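**Student:** attaching a predicted model along with its sequence, questions to come.
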Amino acid sequence: MKKLLLILLLTFTLSACTWVELTPEGEKVRVLSLSEVDSCKKKGKTTVSIKAEIAGIERNRKKVKKELETLGKNSAIAIDGDTIVAASEIIAGRQVFDVYRCINP
């Protein structure tokens, strides 16, 4: 019983952790909706993924979403983007973002 409680405690503690760090460049990237990027130039797409479950237990959906956005922001810089828009739903810890250049397109 103690072993089970320890495993559960460890799992919930780990599921609360943030695994993805936002880079200084990524901090400048915005997350907008499709209707907000009409005047922007589309630069491409990025697909990002993380572990959505640990030891068979699903992680907090809001944390997974936030970490995927962080990865999307970090990735947008590589293709000269300053804005990302979710282009897919989150499926098994994976999401696609469209990358745009909105400032000085």
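**Tutor:** Received, thanks.

**Student:** R59 and A52 touch, don't they?
**Tutor:** Yes - counting by Cβ atoms under 8 Å, A52 is a contact partner of R59 at 5.8 Å. Using the backbone N, CA and C atoms, a C-beta is placed for each residue, glycine as well.

**Student:** neighbour-wise, which of those two wins?
**Tutor:** Of the pair R59 and A52, R59 is the one with more neighbours under other Cβ atoms under 10 Å, namely 21 against 18.

**Student:** can you show me the strands along the chain?
**Tutor:** With DSSP state E as the criterion, the chain has strands at 30-31, 41-49, 53-54, 57-58, 83-86, 94-101.

**Student:** now the most centrally placed residue in the chain. Nearest residue, chain neighbours left out?
**Tutor:** In the chain, the C-alpha closest to the average C-alpha coordinate belongs to L68, at a distance of 1.1 Å (Cα atoms, centre = their mean). Here the nearest residue to L68 in space, its sequence neighbours aside, is Q95; by Cβ to Cβ, 6 or more residues apart in numbering that works out to 4.6 Å.

**Student:** also D82?
**Tutor:** Among residues not flanking D82 along the chain, I103 sits closest, at 5.2 Å (Cβ to Cβ, 6+ apart).

**Student:** next one: A92
**Tutor:** Taking Cβ to Cβ, 6+ apart, and ignoring the residues beside it in sequence, A92 has A52 as its nearest neighbour in space, at 5.9 Å.

**Student:** how about low-confidence regions in this protein?
**Tutor:** Counting by pLDDT under 70, the chain contains low-confidence ranges at 1-18, 54-55, 105.

**Student:** tell me where it has helices.
**Tutor:** Under the criterion DSSP state H, the chain carries helices at the ranges 2-16, 61-76.

**Student:** distance of S88 relative to K28?
**Tutor:** With distances defined as Cβ to Cβ, to the nearest Å, the gap from S88 to K28 amounts to 23 Å.

**Student:** residues making contact with stretch 40-52?
**Tutor:** 19-20, 58-59, 64, 67-68, 71-72, 75-76, 78-81, 83-84, 87, 90, 92-102, 105 (Cβ atoms under 8 Å, 6 or more residues apart in numbering).

**Student:** just the buried ones from those residues, in PyMOL syntax?
**Tutor:** Buried members of the contacts of stretch 40-52, identified by 16 or more other Cβ atoms under 10 Å, are gathered into one PyMOL selection as follows:
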select buried, resi 20+59+64+67+68+71+72+75+76+81+83+84+90+93+95+96+97+98+99+100+101+102
